[in-house]
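K.L.:
Need coordinates for the following:
(one chain, ligands or ions: 2)
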Amino acid sequence: MPTTLSRIASEGKHGHDMMPIIQGVGRAAIEISALLRGAVFRGALGAAGAENVQGEEQQVLDVLSDEIFLEEMRSTGFVCAVGSEEQEELLVIEEYTDADYLVLVDPLDGSSNLDVDGPVGTIFSIVKRKSANSERPHVSDTLQAGSEVIAAGYVLYGPSTMLVYSVGEGTHGFTFNPASARFELSHDNIRIPETGGYYSVNESNADQWSDGMGEKLENLKKDTGLGMRYVGAMVADVHRTLLKGGVFLYPADGKNTTGKLRLLYEAIPMGFVMEQAGGKSMSKDMLVSEVQPEALHQRVPVYLGSKTYVDGLLKG
Ligand code: AHM
Ligand code: MG
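P.N.:
Ligands and ions are numbered 1, 2, ... in the order given. Below you'll find the predicted structure:
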């Protein structure tokens, strides 16, 4: 019998509670994947005509994916609120305000790839509320460092749909099997290679990077001879880094002075998965997991991948 999503979920410290939430993520992934595949025929590609809180143009598929994810989290009964890239405020699930968990999500990461049929993803992390269950969940419940995260992961919508996640007991990859219509364990206990792989970054910003990152990357390239790959969807670029080794980075620059990627639903979950696979995730000079969040949509610089390359890059 293939290993299912819920069997691995049940192995963590909060196993009983993580099972339904991870299953909910799995259902959302299957629905979003189906939504993406036929989108062009339903006129669902293109802009939704609104901007999200980041001032970025929302795509129709961003909005629909957000709705699907929220609905699946609601249906678990274990989630009291969801913080989403597509929603300015925390979304409280009114039927379950006394539930224990909050989920942070980027429902459709890399959506600028949609018009060119490039890979996109979903990123999520799960935290336990700090407020009493009798209170209404509050945005302060989401402001927890990566070290407090209970489970996190991502879905990659590529040639296959993959769900990669960790409940703090290693990182495991599942592939959707169309024959059985479910996710099955295909990449057990992923370990990031210590050497080899690629550096992955939008190098066109190099002359605007902060913290001397331009020179640091040049030194790393000289020292290691690493090749380069960049898709422009964090999920796809980090997934490659996880399986092949290397380093993924999005430094602060003149335009994104505190970085572009969001701490709670991009940097922390991807950092969690990376560290659980033996890699390293830094934000400037500290571990991503040690950054204390101050706002739901906070942005940070991100450097993650094989330990040797992340250390090599940051030392310059
Ligand atoms: P999004 O969440 O609005 O899609 O933006 C985040 C994306 C990441 O997936 C990716 O790493 C980055 O933006 C790419 O940015 P750029 O186009 O500046 O290279
Ligand atoms: Mg994103």
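K.L.:
Show me what from the chain comes close to ligand 1.
P.N.:
56, 85, 106, 109-111, 202, 232-234, 237, 250, 260 (C-beta under 6 Å from any ligand atom). Glycine gets a C-beta too; all of them are placed from N, C-alpha and C.
K.L.:
Any chance of these in TSV with pLDDT, neighbour count and secondary structure as columns?
P.N.:
TSV is the format used below for these (pLDDT from 0 to 100; neighbours: other C-beta atoms under 10 Å; DSSP: H, G, I helix; E, B strand; the rest coil):
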residue	pLDDT	neighbour count	secondary structure
Glu56	72	13	coil
Glu85	96	25	coil
Asp106	98	29	strand
Asp109	97	29	strand
Gly110	95	21	coil
Ser111	87	23	helix
Asn202	98	14	coil
Gly232	97	14	coil
Ala233	98	23	coil
Met234	98	26	helix
Asp237	98	25	helix
Tyr250	98	24	strand
Lys260	97	19	coil
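K.L.:
of the residues you listed, closest to Gly121?
P.N.:
Minimum distance to Gly121 across the residues of the chain next to ligand 1 is 4.5 Å, recorded for Asp109 (C-beta to C-beta).
K.L.:
give me every residue that touches the closest one.
P.N.:
120-123, 154, 233-235, 266 (C-beta atoms under 8 Å, 6 or more residues apart in numbering).
K.L.:
could you redo the last one with a cut-off of 10 Å?
P.N.:
62, 65, 85, 119-123, 154-157, 233-236, 238, 261-262, 265-266, 270 (C-beta atoms under 10 Å, 6 or more residues apart in numbering).
K.L.:
For Phe69, see how far away it is.
P.N.:
Plainly put, Asp109 is 12 Å away from Phe69 if you go by C-beta to C-beta, to the nearest Å.
K.L.:
for Glu184, same thing?
P.N.:
Applying C-beta to C-beta to Glu184 and Phe69 gives a distance of 22 Å.
K.L.:
okay, those two: which has more neighbours?
P.N.:
Shown here are Glu184 and Phe69; by other C-beta atoms under 10 Å, Phe69 has more neighbours (28 against 15).
K.L.:
what residues are up against the more buried one?
P.N.:
Here Phe69 is in contact with 24-25, 27-29, 31-32, 82, 84, 86, 103, 105-108, 122, 124, 155 (C-beta under 10 Å, 6+ apart).
K.L.:
mind showing which ranges of the stretch 201-316 of the chain have poor pLDDT?
P.N.:
Within the stretch 201-316 of the chain, no range satisfies pLDDT under 70.
K.L.:
90 instead, please
P.N.:
Within the stretch 201-316 of the chain, the ranges that satisfy pLDDT under 90 run 284, 316.
K.L.:
all helices for it, in order.
P.N.:
213-224, 234-244, 268-276, 307-315 (DSSP state H, counting those that start in this stretch).
K.L.:
Which parts of the stretch 101-250 of the chain are strands?
P.N.:
101-109, 120-128, 151-157, 161-166, 172-177, 182-187, 198-200, 227-228, 246-250 (DSSP state E, counting those that start in this stretch).
K.L.:
among the helices of the stretch 201-316 of the chain, which is nearest Ile93?
P.N.:
So among these, helix 268-276 is nearest, using C-beta to C-beta, at 19.9 Å.
K.L.:
Of the contacts of Phe69, which ones also sit close to ligand 2?
P.N.:
Under the cut-off given by C-beta under 5 Å from the ion, ligand 2 has Asp106 from those close to it.
K.L.:
Please name the residues that touch Phe183.
P.N.:
2-6, 22-23, 25-27, 29-30, 155, 161-163, 173-177.
K.L.:
Would you mind stating the distance between Ser75 and Val139?
P.N.:
23 Å.
K.L.:
Just give the closest residue to whatever residue of the stretch 51-200 of the chain ends up closest to ligand 1, not the sequence neighbours.
P.N.:
Closest contact between the stretch 51-200 of the chain and ligand 1, by C-beta to the nearest ligand atom, is at Gly110 (3.9 Å). Distances taken as C-beta to C-beta, 6 or more residues apart in numbering place Ala233 nearest to Gly110, at 2.4 Å, with adjacent residues excluded.
K.L.:
Now for the one you found: which residues touch it?
P.N.:
Ala233 neighbours (C-beta under 10 Å, 6+ apart): 108-114, 118-121, 156-158, 239.
K.L.:
before we move on, what about Arg191?
P.N.:
Contacts of Arg191 by C-beta under 10 Å, 6+ apart are 170-171, 242-243, 245, 276-279.
K.L.:
thinking again about what came up before, with distance to Lys216 added, can I get the strands of the stretch 101-250 of the chain in a markdown table?
P.N.:
As requested, those are exported to a markdown table (distance: least, C-beta to C-beta, whole Å):
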| stretch | distance to Lys216 |
| --- | --- |
| strand 101-109 | 26 |
| strand 120-128 | 26 |
| strand 151-157 | 27 |
| strand 161-166 | 28 |
| strand 172-177 | 31 |
| strand 182-187 | 31 |
| strand 198-200 | 11 |
| strand 227-228 | 15 |
| strand 246-250 | 10 |
